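Engineer: make a model of this:
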Amino acid sequence: MGNFNMLCGASQQVIQQGDRCYILPIIQQSSYSPRSLKLNGKTIKVPGVSQHHCYPDCQWTWLGNFLEVTYTDRCDFALLDTVPNQVRMFFLAYTLMEKAPVAHDGSVQSAFDIKGFISTNHPELYLALNAATPTNASDWRLVVPANLAEHFASLAAVFGYLYQGVLESMVYMPPRNQVNTVTAVQFALYHGVVFDKLVARGAAEKDTAEAFFKNALPQTDPERPGGLLAALSQALRQDWEQNGAPGSDIRQVLQSQFGFALDRLVRAIQHSLYYAPHGQHGEFEEVAHILATSQPGEAVEDTQFAAVKHILEARFALNAMGRELLLITPMRTCGDEGNCYGERYAEFIAEASAVVTASIPVRW
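Structural biologist: Numbers count the residues shown, from 1 in each chain. Presented below is the predicted three-dimensional model:
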């Protein structure tokens, strides 16, 4: 006893030590303009808590993509060393380093300063993040270093620092399309089993994620029978051979017709789903990085599918949450009592659903 478990944000099933789970960085929604309030004779401005009242992101919306982690007990997680996690943490660190203000808890001794933390403790990662800014002002894609895997230990440390800041309610950032106000940044949490179920449910209309992947490529550009990712992969390999290192300089390739074709593919994936959150969060960079750093001899089709598999899974999971209207909410803890909370919740919902369903006219 004395330990803590966590609750899955989509099912209220208990997450225990050693469980695989997924963290989704989220930011509190905001009204399009702040509200002016009079309090004790003073006028203050605060943002509203939503922009709309439908879909899972009506109160909280995603700030980054899903991070695969293992729960290690006492409200702590271990970030897994995978390529998607590397790119997603790099993207998230860049976003927060650029936009998150320094926060104090009322004393100068305790502060959240992610830019200062990275620059002081992880200078090589700091240089890579600074170099990620596109040189062309019209280009929104980040430059992901080819040796990103070498920065994983630093990225994991940044994840730990960010997570501690989230626990202490010290992380804030301007919400989407706003600059003069900030809202809270938190983590949503999903059990690995539940995430897999959401992926399967969200992909059901397309049979499977793999089938959708294979069908999506020709639809994006029917003139390339080998598929767009095959063409992009070939171009990246040529760049590899010419420069002597994997992805040593893929900027020109990414800005070519293959890069734009890949951009269209990601957008096609997004718009084909019932529920598609606004914006992209490093998806283009993630696919390009996997293709650019794939090893010679790897099966082209396997590499292609690996490059978009995790993006499809994230989209399908969010699609299922949209269909089921499962709110995105910050993570919560619970006691060390097995899965009693999950079992009682499932029983309660089943009983209530049976009564409510029986009372609804058959016209549905």
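
Engineer: how near is residue 313 to residue 200?
Structural biologist: Per CB to CB, to the nearest Å, residue 313 is found 10 Å from residue 200. From N, CA and C alone the C-beta is placed, and that goes for glycine too.

Engineer: pick out whichever of these two has more residues nearby.
Structural biologist: residue 313 (22 against 15; other CB atoms under 10 Å).

Engineer: quick one: residue 31 and residue 51 touch, right?
Structural biologist: Yes - applying CB atoms under 8 Å, one finds residue 31 in contact with residue 51, separated by 6.3 Å.

Engineer: tell me the pLDDT of residue 140.
Structural biologist: At residue 140, the model reports a pLDDT of 58.

Engineer: now residue 84, nearest residue through space, not along the chain?
Structural biologist: Spatial nearest neighbour of residue 84, chain neighbours left out: residue 310 (4.3 Å); criterion: CB to CB, 6 or more residues apart in numbering.

Engineer: count of neighbours near that neighbour?
Structural biologist: 23.

Engineer: would it count as being in a helix?
Structural biologist: Yes - looking at residue 310 with DSSP: H, G, I helix; E, B strand; the rest coil, it is inside a helix.

Engineer: so which strand or helix has residue 321?
Structural biologist: helix 300-324 (DSSP states H and E).

Engineer: ok, the closest residue to residue 44 other than its chain neighbours - contacts?
Structural biologist: Spatial nearest neighbour of residue 44, chain neighbours left out: residue 37 (5.3 Å); criterion: CB to CB, 6+ apart. Residue 37 sits next to 43-46 when contact means CB atoms under 8 Å, 6 or more residues apart in numbering.

Engineer: name only those of these that count as buried.
Structural biologist: Buried members of those, counted by 16 or more other CB atoms under 10 Å: none.

Engineer: out of the residues you listed, who's nearest residue 67?
Structural biologist: residue 46 (30.1 Å; CB to CB).

Engineer: isn't that closest one up against residue 33?
Structural biologist: No - using CB under 8 Å, residue 46 makes no contact with residue 33, being 11.0 Å away.

Engineer: so residue 165 sits against residue 111, correct?
Structural biologist: No - with contact defined as CB under 8 Å, residue 165 does not reach residue 111; the gap is 9.4 Å.

Engineer: give me the more crowded residue out of the two.
Structural biologist: residue 165 (21 against 14).

Engineer: mind giving me the packing neighbours of the helix or strand hosting residue 89?
Structural biologist: Per DSSP H and E, residue 89 falls inside helix 83-99. Judged by 3 or more CB pairs under 8 Å, 6 or more residues apart in numbering; DSSP states H and E, the packing partners of helix 83-99 are strand 67-73, helix 114-121, helix 123-131, helix 152-167, strand 172-173, helix 283-292.

Engineer: so which of these gets nearest residue 86?
Structural biologist: helix 152-167 (5.7 Å).

Engineer: tell me the angle the closest one makes with helix 123-131.
Structural biologist: Using axes from the mean of the first three to the mean of the last three CA atoms, to 10 degrees, the direction of helix 152-167 lies 80 degrees away from that of helix 123-131.

Engineer: tell me the buried residues in helix 152-167?
Structural biologist: So for helix 152-167, counting by 16+ other CB under 10 Å, buried means 152, 154-159, 161-163, 165-166.

Engineer: picking that back up, inside strands: which ones of the contacts of residue 37?
Structural biologist: With strands taken from DSSP state E, the overlap with the contacts of residue 37 comprises 43-46.

Engineer: what segments of the stretch 101-250 of the chain are strands?
Structural biologist: For the stretch 101-250 of the chain, the strands defined by DSSP state E, counting those that start in this stretch occupy 103-104, 111-112, 172-173, 183-191.

Engineer: so which of the ones you listed comes closest to residue 26?
Structural biologist: Closest among the strands of the stretch 101-250 of the chain, using CB to CB: strand 183-191, at 5.1 Å.

Engineer: just checking: what are the partner strands of that closest one?
Structural biologist: Note on strand 183-191: by DSSP bridges, its sheet partners are strand 20-28 (antiparallel), strand 172-173 (antiparallel).

Engineer: buried deepest among those, which one?
Structural biologist: Highest mean neighbour count of the strands paired with strand 183-191: strand 20-28, a mean of 22 (counted as mean count of other CB atoms under 10 Å).

Engineer: taking their axis directions, it and helix 83-99 sit at what angle?
Structural biologist: Using the same axes, to 10 degrees: strand 20-28 against helix 83-99 is 20 degrees.

Engineer: need the contact list for the closest residue to residue 100 other than its chain neighbours.
Structural biologist: Among residues not flanking residue 100 along the chain, residue 173 sits closest, at 5.0 Å (CB to CB, 6+ apart). If a contact means CB under 8 Å, 6+ apart, then residue 173 has 27, 63, 95-96, 99-101, 182-183, 185 as its contacts.
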